[in-house]
Structures are given as structure tokens and as C-alpha cells.
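coords please:
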Amino acid sequence: MLDNLHHTPTDEASLRYEGWRIVAVCFLLATFGWGLGFYGQSVYVAELQRARGWPTTLISSGTTFFYLFGALLVVFVGEAVRTYGARLCLIAGTLAMAAAAVAIGAVREPWQLYLADAVLAFGWAGTSLAMITNTISLWFDHRRGMAISLALNGASFGGIVGVPLLVTLIGHIGFAGAMYAAAGAMLVLLLPVILLFVGRPPAQHGWHAAKAKPQSSTEIRAWALRDVGFLTVTIAFALVLFAQVGFIVHLISFLDPVIGRERAALAVAVLTAMAVVGRVLFSLVIDRLNQRLASALSFLSQAVALLVVINLHNDYVLIAACALFGFSVGNLITLPSLIVQREFDSAAFGVLISLNTAINQVTYAFGPGIVGALRDWSGSYSLPFYLCIALEVVAAALIMVRGKPKAKLS
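Okay, here's the model as predicted:
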């Protein structure tokens, strides 16, 4: 009772609110997490193929293993944060990602690549979407959408700035030296800010507000996999991310013979930049939108962009279509957590969003491979891209199927 009398509500809109420092920490975490864990994969494949002469299939299978093993670990991020606290989990994720960067730089044999990818999976689980959304949920409620959107701009920053810097370093000091330098930079920049800024979250946010005897994580997951509302969110985004990742990975291969390598690279750069623009603009209004409808419209806009890419081969039209596709790319990472927050018991948020993220990751891990296989089988990208369109349309219909309002665990 005395706690309630002395409790002062936090103003999440105030720039002096401590939660915004957490957003800055998560931005930096996402920069390294996506730079080394997601976008860095293309660099690792190219460098290891060049230096070791290993088949692309061997190296790429290591990437698939990384995604699948990482998805298994991501399932448990929510309960890890609940049990050990955000600070300790962020430090563990940072140390694991830095160790993975060192291990990848030191790879000499194929088995070592798989071991390094296993360590990288731990680092990815501790620095990517599930960790960031779980951490921010402890500090934000009303402005959670804006906070997550702003923090996840670090993911795009990791691709736009981090990867070119890594490639430049490789040119000057070699692949191993560049990976060691990246690991050192991550430790020097991230560990001090985590220790300095990440403390105890406000009592009225996150799991401090949970009921006295919450259900176990296993019970929450079992309940979620039977709930219509959770399944429609999870399956819809899994289908769309399968299509999105498959399309983006093969985009340069598709555009190169159509408009040339330079304009293909420009189209990818425009797509990435529009992902940042879309995420920033959405962050201003995303907490006030019908988030399922916003998701459906985003899916359909990507389907329209894909339809244009397949059928119209004018340089400027293709670049414009990539811009349209890119506008929703960043928001499709943010929206699942906002829908889960709005429609489900806050006590289960961490477990549910970790489960959602893991299922999505398992699904999109197969996107590039299946798109590539269909392209080889059919002789063009038309068939796999039309499959992506079909998945986007199905997902747009599925996401509009709601479960019970504000579902509670029983």
C-alpha cells in the first residue's frame, strides 16, 4: 500500500525518461547483432569461399544451421530475461556475438565453421529481435511501438554502415583481422553502455506487473499454440518473412541481367533506405493504428511491388518497386510484438514474442533455398516470385482473423 502511495507514474513521452537510454542501447545492440549475425552472412560466404575454396553449398548450409539453431535458442529468450534480468542477458548476448566473430575469423576447417555458427546462434539470440523487444517491454507500455521501431533502426544501420566497414577492414587487414577488430569494437562500445544505462526497469512495466503466481513458460507456449489469435499472427508473419527474405536474398541475382549490376545495387540500397524511412514514419503513429490492418496493407503493398518487379523491366520502375517493397520491410519486424502486446496478457509477453520470433526464423531460414530451387527448376524467377505474392496475399487475409479480445491465460 505504501508503495502505491509513493508511486510516481512515468512519462514515457519525456525525453528525460530513462527508457529512451534503453532504446539507444538497443539501437547499438541491433547494429552489431544484425551487422555480424544477419547481413554479415553474405560477407562470410564470399570470404570463406575465396580463402578456403569451399563449395558455396557447404558454407550456405552452415548459415541455415545458424538460423535453425538460433531459432531454438530464441524460444527461451523471454524466460531468460524474466529469470536473470535484462542487463545480464544483454551482456551474455554481447559476449557470445563477440566470441562468434573471433571464431568465424579463425575458421580453418569446415567443422570449425559449424562450431562458429553455433556460437553465433547464441549471440544472435542475445542481440536480435526477441532480446530487444523483451528488454524494451520492461521500460515501455504506451510508447512501446515507437521505442521498438526506433531501436530496430539499428538493424538497418548494421546493414548500411556496418557491412561496408567490415568489407573495407577486410581489404586492409584481412578477413581474420577484420573479424577480431569487429569483436573488439563490439565489446568496447557495448559493454560500458549496458553496465552504465541498463538497470532495474520501472515497477509498473514488464513482468513486475505480472500476477503473483504466473503460469510456467511451458504452459504459456502450449496455450499459445492452441489460440487462434496467436496462431494467425505467427503464421501470417512467418509466410511474409519467408517471402521477404527469399526475395531480398535473390534480388541482385534477378536484377543484374535486367538492369545491370550498378543499378541493381542501387535498387537494393533504395530498398534498405526505405525500410528505415518506413520504420521511422510508422513509429510516429504505430501505437494508434489498427495494427492487424496495417500489417495486411503492408503485406499487400509488397505483393504489388513483386507483381511490378516480375512484369515491368524499366530501370526506374523497378527501382520504384523496390522502394515500395522496402517501405514495409522494417515494420514487419516490429508489428508482431505490438499485436502480441495489445491482444494478450502482459504477463506472457516475453514468452509469446520469443515463440513468435523463433517460429518466424525457422520459416524464413528456408526462404532463400526454396526460392533458389524453384528458380533453377523453372528457369526463371517468375515462379518463385509469384509464390511469394501468393504467400503475401494469404497472409493479408489470415492476419485479419482475430482471436478473443485481450486474451488472458487461465
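
now do the strands in the chain.
Counting by DSSP state E, the chain forms no strands at all.

the closest residue to Trp377 other than its chain neighbours: neighbour count?
Nearest residue to Trp377, sequence neighbours excluded (CB to CB, 6 or more residues apart in numbering): Leu383, at 7.8 Å. All C-beta atoms are positioned from the backbone trio N, CA, C, and that covers glycine. Leu383 has 15 neighbours, counted by other CB atoms under 10 Å.

same check on Gly158?
What Gly158 shows, counting by other CB under 10 Å, is a neighbour count of 27.

ok, it touching Leu28?
No - using CB atoms under 8 Å, Gly158 is not in contact with Leu28, being 9.8 Å away.

am I right that the residue nearest to Trp377 is in contact with Leu374?
Yes - assessed by CB under 8 Å, Leu383 is found in contact with Leu374 at 5.2 Å.

state the distance from the residue nearest to the spatial centre of the chain to Arg52.
For the chain, the residue nearest the mean C-alpha position is Leu129 (4.7 Å; CA atoms, centre = their mean). The spacing between Leu129 and Arg52, counted by CB to CB, to the nearest Å, is 31 Å.

try Val233
42 Å.

then Leu374?
Leu374 is 29 Å from Arg52, where distance means CB to CB.

neighbour count for those two, which is higher?
The neighbour comparison of Leu374 against Arg52 (other CB under 10 Å) goes to Leu374, with 19 against 15.

spatially nearest residue to that one (excluding sequence neighbours)?
With CB to CB, 6+ apart as the criterion, Leu374 has its nearest non-adjacent residue at 3.9 Å, and that residue is Pro384.

tell me, how many neighbours does Gly33 end up with?
30.

what about the helices in the stretch 51-200 of the chain?
Assigned helices in the stretch 51-200 of the chain, in chain order: 56-74, 77-84, 86-105, 110-125, 129-137, 144-157, 163-197 (criterion: DSSP state H, counting those that start in this stretch).

do the same with the stretch 201-350 of the chain
Applying DSSP H, counting those that start in this stretch to the stretch 201-350 of the chain gives helices spanning 217-224, 228-249, 251-259, 261-283, 291-311, 315-327, 331-343, 349-364.

out of the ones you listed, which gets nearest to Ala395?
Ala395 lies closest to helix 228-249 among the helices of the stretch 201-350 of the chain, at 4.1 Å (CB to CB).

mind listing what's buried in the closest one?
By 16 or more other CB atoms under 10 Å, the buried positions in helix 228-249 come out as 229-249.

next: stretch 276-290.
Val276, Gly278, Arg279, Phe282, Ser283, Ile286, Asp287.

list of residues touching it?
Residues outside stretch 276-290 that contact it (CB atoms under 8 Å, 6 or more residues apart in numbering) are 142-146, 149-150, 152-153, 156-157, 160, 294, 326-331, 334-335, 338.

quick one: Ala243 from Leu58, how far?
If you go by CB to CB, the gap between Ala243 and Leu58 works out to 26 Å.

check Thr218 too.
37 Å.

which one of the two is surrounded by more residues?
Leu58 (15 against 10).

who's in contact with that one?
Pro110, Leu113.

ok, Leu225 next?
Leu231.

can you tell me how far it sits from Asn134?
19 Å.

kindly report the same for Ala236.
21 Å.

go on, Arg108?
According to CB to CB, Arg108 stands 36 Å off from Asn134.

burial count for the residue nearest to His313 when sequence neighbours are not counted?
Distances taken as CB to CB, 6+ apart put Val258 closest to His313, at 5.3 Å, once the chain neighbours are dropped. Around Val258 there are 15 other residues, counting by other CB under 10 Å.

Thr31 versus Phe230, what's the distance?
30 Å.

actually, Gly126.
14 Å.

same thing with Ser301?
Going from Ser301 to Thr31 by CB to CB gives 27 Å.

please apply the same query to Leu73.
Per CB to CB, Leu73 is found 21 Å from Thr31.

those two: which has the busier surroundings?
More neighbours surround Thr31 than the other of Leu73 and Thr31, with 24 against 21 (other CB under 10 Å).

which residues touch the more buried one?
Gly154, Ala155, Phe157, Gly158, Val161, Gly162.

next one: Gly70
Leu120, Ala121, Phe122, Trp124, Ala125, Gln361.

with adjacent residues omitted, what lies nearest to it?
Sequence neighbours aside, Ala121 is the residue nearest to Gly70 in space, at 3.8 Å (criterion: CB to CB, 6+ apart).

from the contacts of Gly70, which is closest to Leu191?
Phe122 (16.6 Å).

my read: Val309 touches Ala321, true?
Yes - using CB under 8 Å, Val309 is in contact with Ala321, at 5.0 Å.

so what's the residue count around Arg263?
16.

which stretches of the stretch 151-300 of the chain have low pLDDT?
Filtered on pLDDT under 70, the stretch 151-300 of the chain yields the residue ranges 203-214, 261.

just to revisit the earlier point, so the residue nearest to Gly70 touches Leu73, yeah?
Yes - between Ala121 and Leu73 a contact is recorded at 5.8 Å, counting by CB under 8 Å.

tell me the contacts of Arg263?
So Arg263 contacts Leu255, Asp315, Ile319 (CB under 8 Å, 6+ apart).

let's see it at 10 Å
Taking CB atoms under 10 Å, 6 or more residues apart in numbering, we find Arg263 in contact with Leu255, Asp256, Asp315, Tyr316, Leu318, Ile319.

and the fourth one, how many residues sit next to it?
When neighbours are defined as other CB under 10 Å, Tyr316 has 9 of them.

quick check: it vs Leu266, distance?
11 Å.

quick check: neighbours shared by these two?
Ile259.

isn't Gln341 right next to Arg143, touching?
No - checked against CB atoms under 10 Å, the pair Gln341 and Arg143 is beyond contact range at 11.5 Å.

so what's Ser144 up against?
In this structure residue 144 is Arg, not Ser. So, once contact is read as CB under 10 Å, 6+ apart, Arg144 ends up touching 12, 19, 133, 136-137, 205, 286-287, 334, 337-338, 341-342, 349.
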